[in-house]
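# how would this look folded up:
(one chain, ligands or ions: 1)
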Amino acid sequence: MDKNDLLPIGEVAARSGVSVPTVRFYEERGLIASVRNAGNHRRYGRHVLRRIAVVRAGQRFGLSLGEIGEALATLPDDHPPTKGDWARLSKVWHAALTARIDALVEVRDGLTGCIGCGCLSMTSCPIYNPEDAHAADGPGAQRWPAAARE
Ligand code: FES
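Model prediction:
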C-alpha cells in the first residue's frame, strides 16, 4: 500500500459521513482495518471508504453488523472490491432481504386477525404460536423455563 494513499481517521470519518468514534467502532468490530504510522496514529487505505459505504448500506437494509461482517469477510481487505465482488455480495444480500421481507409479510398478514383480539391463544393465534410450534414440547406453558413449570 502506498504510504501517500493512507488517510487519517478524521479524513476517513469526514469523507464517509460517519463520526470518528464510529470509524473506531467499525475497526473494533473487524469491519475495516488500519495500519499505524511512525507516530502510532491510525492510517487507512482509501478502499476503507468503500467498505464503510457497504457497512452503512447494510445497516440501512436492516442487516446486523455480524451479517455485514460476514459479507465483508468475502471481499478483499487490501484493495477496492471489483465489480464482480460487489455483484456477488449484493446478490447474497438481496436473497437475505427477500427472506426477511417474506417473513415480515407473513407476520403482518397474521397480525390482521389479531388486531383488537388480544387472546394470544396457544392454539389459534398465528403471532403468538405460529403453526402451533410448541405442540411437540408437551402440554402446558412451554415458553416458561422448566424450573418455573415444576
Ligand atoms: S391475539 Fe387473538 S388471534 Fe392473535
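# So what touches stretch 93-108?
Residues outside stretch 93-108 that contact it (Cβ atoms under 8 Å, 6 or more residues apart in numbering): 58, 61, 62, 63, 67, 71, 127. Yep, even glycine has a C-beta here, placed from its N, CA and C like the rest.
# for the helix or strand harbouring the fifth one, packing partners?
When secondary structure is defined using DSSP states H and E, the element that contains residue 67 is helix 65-72. Contacts of helix 65-72 with other secondary structure elements, assessed using 3 or more Cβ pairs under 8 Å, 6 or more residues apart in numbering; DSSP states H and E, are made with helix 47-60, helix 83-114.
# Please repeat the previous calculation with a cut-off of 6 Å.
Counting contacts by 3 or more Cβ pairs under 6 Å, 6 or more residues apart in numbering; DSSP states H and E, helix 65-72 packs against no other helix or strand.
# Now it: average pLDDT?
Helix 65-72 carries an average pLDDT of 89.
# do the same with stretch 24-39
Rounded mean pLDDT across stretch 24-39 is 93.
# Now tell me what touches that stretch from outside.
With contact meaning Cβ atoms under 6 Å, 6 or more residues apart in numbering, stretch 24-39 is reached by 42, 43, 44, 48, 51, 55, 65, 69, 72, 77.
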